[in-house]
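Student: Sequence below, structure please.
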Amino acid sequence: PSRAAMERSRPGASALPPYEALAEGVDMEGLARSTIVPVEPPPPPPPRDHLAWSLCTALYANVCCLGFMALVFSIKSRDRKLLRDYSGALSYGSTAKYLNITALLLNIFFVILLIALVASGTITMVNIFNRQQNHPSYVGPT
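Tutor: From the prediction side, this is the model:
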C-alpha cells in the first residue's frame, strides 16, 4: 500500500493535509523553508494589591482606622491573586486603593487644619503680648 492510502486508513486522518509528491527534478534542498511560530498575546498583568501603600497608611496615617481597613483589603487581594481569581483580586485591590486615597486626603486635611490652628493661636498670643506691652495694667499708687 502507498503512503497516502495508509494515511487515509488511519483514524482521525481527515484533519491532515493531503500528501503531495514533489515535482520531478526538485529535491528538498531546493524548496523554501518556513517555520510557523504561533504568537499569543502576553497574559495581562495581575491586578495590583497596594500592600506597601496600605502598610504605610496603617502605620503612619491610620485616620479613623482607614489604614487598617486598607491593609485588610490588600491582604485579601493578595490572597485572591495567589488563587488566580483576578476579578476578586481586582475588586479587593481597588477597595484598598480607595481607602488609601481617602486616608491620605483626610491626613492632608488634618495637617492643614493643625497648621492653621497653630498659626492662628500664635497670632492671637502675639497680639495679646503686644497689647500688654503697649498698655500696662494699672498697679495702683506707689
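
Student: where does Pro45 land in three-state SS?
Tutor: coil (DSSP: H, G, I helix; E, B strand; the rest coil).

Student: so what pLDDT did it get?
Tutor: Predicted confidence (pLDDT) for Pro45: 88.

Student: Quick one: list the elements packing against the strand or helix carrying Thr102.
Tutor: Assigning secondary structure by DSSP states H and E places Thr102 in helix 86-134. Here helix 86-134 touches helix 51-60, helix 66-82, going by 3 or more Cβ pairs under 8 Å, 6 or more residues apart in numbering; DSSP states H and E. C-beta: built from backbone N, CA, C; applies to glycine.

Student: surely Ala89 meets Ile75?
Tutor: No - assessed by Cβ atoms under 8 Å, Ala89 is found out of contact with Ile75, at 11.2 Å.

Student: intersection of neighbour lists for these two?
Tutor: Common neighbours of Ala89 and Ile75, using Cβ atoms under 8 Å, 6 or more residues apart in numbering, are Asp49.

Student: sec struct for the residue nearest in space to the middle of the chain, please.
Tutor: With distances taken as Cα atoms, centre = their mean, Arg48 lies nearest the centre of the chain, 2.8 Å away. In three-state terms, and counting by three-state DSSP, Arg48 is coil.

Student: re the thing from before, quick one, which of Ala89 and Ile75 is more surrounded?
Tutor: Legend: neighbour count by other Cβ atoms under 10 Å for Ala89 and Ile75, higher for Ala89 (22 against 16).

Student: So what's the predicted local confidence for that one?
Tutor: With respect to pLDDT, Ala89 scores 95.

Student: just Leu22 next, same as before
Tutor: 66.

Student: That concludes my questions; thank you for your assistance.
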